[in-house]
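S.K.: coords please:
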Amino acid sequence: MPGFALTKLVCASTLVASIIAIPITALAQTGIASVYSGGRTADGEHARASGLTAAHRSLPFGTLVRVTNERTGRSVVVRINDRGPFVRGRIIDLTPAAARAIGFSGLARVNVTVVGRGGERMHRHAI
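M.R.: Down below sits the predicted model:
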């Protein structure tokens, strides 16, 4: 009987750990980024071209992601505050400031990795 309880505990712990880890590992993407600005964002903010924010189809508002330009190797951390992109094949829309920080204007192949949860506003931070 004690062995069964231990096995049950280990299985339950593994299940919880895998559920918690899924969003982190599942939210690393590679694809095409584009540049956008203007208007109101889906979370109600006024979009600022100088802000380090981005649009993503499914990540929760406030999620911080590191976007790395595969060509330049430069990266920037942005906060998700909008929905999009709504163009097939694109995975994230960046503000002009975020795109400049990683060395592109227009389209670029990028890696997107979730790094955490931020507050309402974020200070400029490029790496």
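
S.K.: Let me see the ranges of the strands in this protein.
M.R.: 28-35, 53-55, 63-69, 75-82, 90-94, 107-117 (DSSP state E).

S.K.: Ranking these by mean neighbour count, which comes first?
M.R.: strand 53-55 (a mean of 26; mean count of other Cβ atoms under 10 Å). Glycine gets a C-beta too; all of them are placed from N, C-alpha and C.

S.K.: Partner strands of it and their direction?
M.R.: strand 75-82 (parallel), strand 90-94 (antiparallel) (DSSP bridges).

S.K.: Could I get the ones you listed in TSV, plus columns for distance to residue 44 and mean pLDDT?
M.R.: Listed next are the strands paired with strand 53-55 as TSV, based on distance: least, Cβ to Cβ, whole Å; pLDDT from 0 to 100:
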stretch	distance to residue 44	mean pLDDT
strand 75-82	9	97
strand 90-94	17	97
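
S.K.: Quick one: those as a markdown table, columns for distance to residue 48 too.
M.R.: Output for the strands paired with strand 53-55, formatted as a markdown table (distance: least, Cβ to Cβ, whole Å):
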| stretch | distance to residue 48 |
| --- | --- |
| strand 75-82 | 10 |
| strand 90-94 | 12 |
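
S.K.: returning to that earlier point: if we compare the strands of the chain, which one ends up closest to residue 41?
M.R.: strand 75-82 (3.9 Å; Cβ to Cβ).

S.K.: chain center to that closest one: distance?
M.R.: Distance of strand 75-82 from the chain centroid (Cα atoms, centre = their mean, to the nearest Å) equals 6 Å.

S.K.: cool, and stretch 54-61?
M.R.: 7 Å.

S.K.: what stretches of this structure score poorly on pLDDT?
M.R.: Counting by pLDDT under 70, the chain contains low-confidence ranges at 1-27, 119-127.
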